[in-house]
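Chemist: sequence and computational prediction follow.
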Amino acid sequence: MLFGRLGVQSCKLGNNYKFLSQKVFYRSARKMAKITEESCNKMFKGFQKVFSHESSELKCTMKFGVFIPSEAEDKKVPVLYWLSGLTCTEQNFVTKAGAQRVAAEKGLIIVAPDTSPRNVNIEGEDESYDFGSGAGFYVDATEEKWKTNYRMYSYVTKELPEIINSNFNTIPDKMSIFGHSMGGHGALICAMKNPGKYQSVSAFAPISNPVKAPWGIKAFGGYLGSDQSKWLEYDATELAKKYNGPPLNILVDQGSADNFYIQGQLLPDNLVAGCAANNVPIVLRIQDGYDHSYFFIATFVEEHINHHAKYLCQ
């Protein structure tokens, strides 16, 4: 495929060739959304890249990381989306999770977007770690102050897959999603609100019942307003109670020594109860002694990718 060959050569030959290759690539494919390569590193015979683009949903420049296995140079491959947690950018997963080796073995593209709009000049967007920049919560805001830019749900489920499918060698109907903490919440709701869109979903320490957790109450109140009936549409526990679609193939890992789990921010048992009420299968594993960090994620990320590969690589 043209993109795979040009992408490899741009890494090998430097910026001058990169410019030429992109020029040829975009001229040859008019419908493709324009993306700009920010970095490229060879890993496990594939490439870990970061791209930027102008987002129509978020009205700002956004970045996403993408691992491209060697198979994607010559054939279409499935895509696994990762959603990160509070305070993170696209870099956290790219540099800390250690997922690329397994993705290379399975022949999967992994996409890791940023967690919120950036530098959109909203008063107060940078005042706290759990609201505003780095804390988009994967909702489409309805409050006047935030609704123009804070549309992470539509960005993740609509705009980003369109960009990935138009610029990379993907199988469009073979995609799954996973995430951590706020991103675990995001992965679960994206799968539950779009039956059949994702072949599987998994999460590390997700904010499972945000309408009952301090983080969720703050974020939903700020982005969605005081009408709490709107909040339920972005709560995985509530969505599980009424889910009606193909199997979700849910896997959740939670560390027993996670301070946020102990403090009641995550509430995975509520999610399990919500799934049980509607006969939605879920596997929740309490991992003894693990905390909320990327040390936890790196320990079990191979098992999560293997879980998704069962459904993506059939």
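Modeler: Cool, got the structure. Numbers count the residues shown, from 1 in each chain.
Chemist: so what's the residue nearest the centre of the chain up against?
Modeler: Among the residues of the chain, the one closest to the centroid is Leu83, at 2.5 Å (Cα atoms, centre = their mean). Each residue near Leu83 by Cβ atoms under 8 Å, 6 or more residues apart in numbering is listed here: 112-113, 115, 138, 156, 177-180, 182-184, 186-187, 190. The way it works is simple: take the backbone N, C-alpha and C, and place the C-beta from them, glycine included.
Chemist: now, among those, which is nearest to Asn41?
Modeler: Ala112 (14.1 Å; Cβ to Cβ).
Chemist: measure that closest one to Asp227 for me?
Modeler: Distance check for Ala112 against Asp227: by Cβ to Cβ, to the nearest Å, it reads 32 Å.
Chemist: which one's more surrounded, the two?
Modeler: Remark: of Ala112 and Asp227, Ala112 carries more neighbours, 28 against 10, as counted by other Cβ atoms under 10 Å.
Chemist: next one: the host helix or strand of that one to chain centre, how far?
Modeler: Per DSSP states H and E: Ala112 is located in strand 109-113. Relative to its chain's centre, strand 109-113 lies at 7 Å (Cα atoms, centre = their mean, to the nearest Å).
Chemist: alpha carbons of it, as CSV, please.
Modeler: The C-alpha trace of strand 109-113 is given here as CSV (Å, rounded to 0.1, in the frame of the first residue of the first chain):
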residue,chain,number,x,y,z
ILE,A,109,-2.7,-1.2,14.8
ILE,A,110,-3.1,0.6,18.2
VAL,A,111,-4.3,4.2,18.3
ALA,A,112,-4.0,6.3,21.4
PRO,A,113,-5.5,9.8,21.2
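Chemist: what is the rounded mean pLDDT of that strand?
Modeler: Averaging pLDDT along strand 109-113 yields 98.
Chemist: who does it pair up with?
Modeler: strand 60-68 (antiparallel), strand 77-83 (parallel) (DSSP bridges).
Chemist: wait, Gly222 sits on Trp146?
Modeler: Yes. Applying Cβ atoms under 8 Å, one finds Gly222 in contact with Trp146, separated by 7.1 Å.
Chemist: of the two, give the one with the bigger neighbour count.
Modeler: Comparing Gly222 with Trp146 by other Cβ under 10 Å, the one with more neighbours is Trp146, at 24 against 20.
Chemist: residues contacting Met192?
Modeler: Ala236, Leu239, Ala240, Tyr243, Leu248.
Chemist: what's the neighbour count on the residue lying closest to Ala99 once chain neighbours are set aside?
Modeler: Using Cβ to Cβ, 6 or more residues apart in numbering and skipping the chain neighbours, the partner closest in space to Ala99 is Val301 (5.0 Å). Val301 has 25 neighbours, counted by other Cβ under 10 Å.
Chemist: noted, bye for now.
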